[in-house]
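Undergrad: I'd like to go over a predicted model; first the sequence, then the structure.
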Amino acid sequence: MMNEYPPNDVPAFAFWLMPDEDPQYEDWPHSTLLRAWQRGRCAMCQPTDWFNRDLVEDHDHETGLIRGLLCRGCNTSEPHNFSPAFVAWRAGFTPMVMLGIEEVYCSPVTGYAKPNQRGITEAEIDAMAAVKRKIARDVML
């Protein structure tokens, strides 16, 4: 369930300072830029107890690319939630796009995401990713 902040028409991360705008960025004690930027916060709902949340890597099942870190509640509801925030998320307005990072999801159980299981070609995956990046840039403007 989404909290009152942020409003449910925009993902929470849209309100965060970018790493190069945050004066405390150098002190972020995390291993990756994504984890450093999110600092334990769900990119969608940023609950008030955000330091106590287990976050999961949400990924696009069509492209296999990681979109960002979500709490389990948001990750579970993501495919079924049609609020504007989740629609924008699926269209490509995500932390990974904001940070300019493309990384294929890797499950500790099944390994790397295999988007080609439905017969999608590499060229189609690249085209979908490009369209989602363009939509995300348009949403950010």
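TA: Structure's in. What do you need?
Undergrad: remind me which residues of this protein are low pLDDT?
TA: 1-8, 24-31, 48-53, 115-129, 131-141 (pLDDT under 70).
Undergrad: can you map out the strands along it?
TA: 55-59, 66-71, 106-107, 111-112 (DSSP state E).
Undergrad: most packed of those?
TA: Counting by mean count of other CB atoms under 10 Å, strand 66-71 has the highest mean neighbour count of the strands of the chain, with a mean of 24. From N, CA and C alone the C-beta is placed, and that goes for glycine too.
Undergrad: and the contacts of that strand?
TA: Contacts with strand 66-71, where a contact means CB atoms under 8 Å, 6 or more residues apart in numbering, come from 13, 34-35, 38, 42-45, 47, 53-60, 78, 89, 94-97, 103-105.
Undergrad: tell me which of the residues you listed fall in helices.
TA: Among the contacts of strand 66-71, the residues falling in helices (DSSP state H) are 34, 35, 38, 89, 95, 96, 97.
Undergrad: which of the residues you listed sit farthest apart?
TA: Within the ones in helices among the contacts of strand 66-71, two members stand farthest from each other by CB to CB: 35 and 89, at 18.3 Å.
Undergrad: who's more crowded, those two?
TA: Neighbour totals were compared for residue 35 and residue 89, and residue 89 leads with 25 against 15 (other CB atoms under 10 Å).
Undergrad: isn't that one up against residue 78?
TA: Yes. Between residue 89 and residue 78 there is a contact under CB atoms under 8 Å: 6.9 Å.
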